[in-house]
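J.: Sharing a model that was predicted from the sequence below.
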Amino acid sequence: MLLQSLRLSAAYNQWVNARLYAVCADLDEADYRRDLGAFFKSIHGTLNHVLLTDRLWLSRIGVETPVSLPLNAELYADFVQLRTQRECTDEAIQAAVGALTARDLDRDVRYVSVMTGREMRMSLWAVWVHLFNHQTHHRGQLTALLSRLGMNYGDIDLVWMPGVARIGETVVPPGAGS
């Protein structure tokens, strides 16, 4: 059941990121970079942070090359490049989760905390749960910022992802209800 949940989370992550990046592409540069009071200040800062931390966790589990940057580092100044790299990272997440077996999930992941410098360890299943939870946390901030700017990002709850919610045998299309 946990593998199914992680695979659904990876698919949702990719779907919702694509939708939100499409909305962000319609922002003018000033709104995209404006300090709106979020933890990472702007929409640009928030998107950079989520990509950076995803790559940090992927490096800790051996999927990406090691990342050693502060959590507020700007990976890519250019939106198009940031979006392209987000898509590549979402593909890497999908592939890594798709390759998991139940036996893999209890493996310990050892790492050094960027925030405290302390050595830490947690089970691989908890790393994946944390990665997806962290994304959800910051996507909540992102959608609040987009709403503040009057941007409509549509229905992004999991139930509206194509192929998830069903009534009888009919797939309910996104935006068809709540």
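T.: Good, I have the coordinates. Numbering: from 1, shown residues only.

J.: shaky segments in this structure?
T.: Low-confidence segments of the chain (pLDDT under 70): 66, 167-178.

J.: quick check, distance from the helix or strand containing residue 147 to the centre of its chain.
T.: Taking DSSP states H and E as the definition, residue 147 sits inside helix 124-148. Here helix 124-148 shows a centroid-to-chain-centroid distance of 6 Å under the convention Cα atoms, centre = their mean, to the nearest Å.

J.: Okay, helices next: where are they in this protein?
T.: 2-24, 29-33, 43-60, 79-99, 124-148 (DSSP state H).

J.: Just tell me which of those helices ends up closest to residue 154.
T.: Nearest to residue 154, of all these, is helix 2-24, at 6.6 Å by Cβ to Cβ. The way it works is simple: take the backbone N, C-alpha and C, and place the C-beta from them, glycine included.

J.: Contacts for the closest one next, please.
T.: Contact with helix 2-24 is made by 32, 43, 47, 79, 83, 86-87, 90-91, 93-94, 97-98, 100-102, 105, 125, 128-129, 132, 135, 139, 142-143, 146, 151-154, 156, 158, 161-162, 164, as judged by Cβ atoms under 8 Å, 6 or more residues apart in numbering.

J.: hmm, try it at 7 Å
T.: 32, 43, 47, 83, 86, 90, 93-94, 97-98, 100, 102, 105, 125, 128, 132, 135, 139, 142, 146, 151, 153-154, 156, 158, 161 (Cβ atoms under 7 Å, 6 or more residues apart in numbering).

J.: and the angle from that helix to helix 43-60?
T.: Helix 2-24 runs at 150 degrees relative to helix 43-60, counting by axes from the mean of the first three to the mean of the last three Cα atoms, to 10 degrees.

J.: What residues sit buried inside helix 2-24?
T.: Neighbour counts using 16 or more other Cβ atoms under 10 Å place 3, 6, 9-17, 19-21, 23-24 of helix 2-24 among the buried residues.

J.: Check stretch 109-129 too.
T.: Buried, per 16+ other Cβ under 10 Å, within stretch 109-129: 109, 111, 124-125, 127-129.

J.: of these, closest to residue 71?
T.: residue 111 (13.8 Å).

J.: Next, work out how far apart the nearest residue to the closest one once chain neighbours are set aside and residue 4 are.
T.: Of all residues not flanking residue 111 in the chain, residue 60 sits nearest, at 4.4 Å (Cβ to Cβ, 6 or more residues apart in numbering). Residue 60 sits 23 Å away from residue 4, taking Cβ to Cβ, to the nearest Å as the criterion.

J.: Kindly report the same for residue 151.
T.: Using Cβ to Cβ, residue 151 is found at 33 Å from residue 4.

J.: ditto for residue 22
T.: Taking Cβ to Cβ, one finds residue 22 at 27 Å from residue 4.
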